[in-house]
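> Here's my sequence, what's the structure:
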Amino acid sequence: MNENLVIEHRYVLDEILVDDDKKAAFLLGFLLRKLTHMEYKELKETPFLTKIYEMNLSHDKIRSLYPVMINEIRKYDAIFKELEEEASISLLKSDKNWNITDDETSFYFTLGYTLGSAPNYHRNVVDKEITK
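Purely as a prediction, here's the structure:
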């Protein structure tokens, strides 16, 4: 990721989630957290989250969820350039090499979602992003 996305615990992506399938699931969860923050700030609810409740995520579901998430983010006139680029690259690299189970996909996605709001994960800037 570009240094524009500052992650104090960068080792999570660089040393622990070294496989692209794990990174892709994690980064999509991270991106979902950004989307739900925007939804809540604007609507005082998180309607997109209901689309994935009780969903056992698979590679196919992750792939189909990504463009829908990007579309929703654009509805808020926002972009997370570096995060979206790294998620896209991880999805592309893992396309023919998805080696994690649906349970693991859901797990890494959830990790990304929960860490997406951690105070040590923040942006320094440029993209149109709603904070807090």
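> so where's the longest helix in the protein?
When the chain is parsed with DSSP state H, its longest helix is helix 20-43.
> Show the contacting residues for residue 117.
Contacts for residue 117 (Cβ atoms under 8 Å, 6 or more residues apart in numbering) come out as 33, 37. Just so you know, the C-beta spots here come from the backbone N, C-alpha and C atoms, and that holds for glycine as well.
> How is it assigned, secondary-structure-wise?
Of the three states, residue 117 takes coil according to DSSP: H, G, I helix; E, B strand; the rest coil.
> Look up how far residue 91 lies from it.
22 Å (Cβ to Cβ, to the nearest Å).
> Residue 26 now?
Here residue 26 is placed at a distance of 12 Å from residue 91 (Cβ to Cβ).
> With residue 57 instead?
13 Å.
> So what does residue 103 have for phi and psi?
As for residue 103, its main-chain torsions (degrees, to the nearest 10) stand at phi -60, psi -40.
> just checking, it touches residue 56?
Yes. Between residue 103 and residue 56 there is a contact at 7.3 Å, judged by Cβ atoms under 8 Å.
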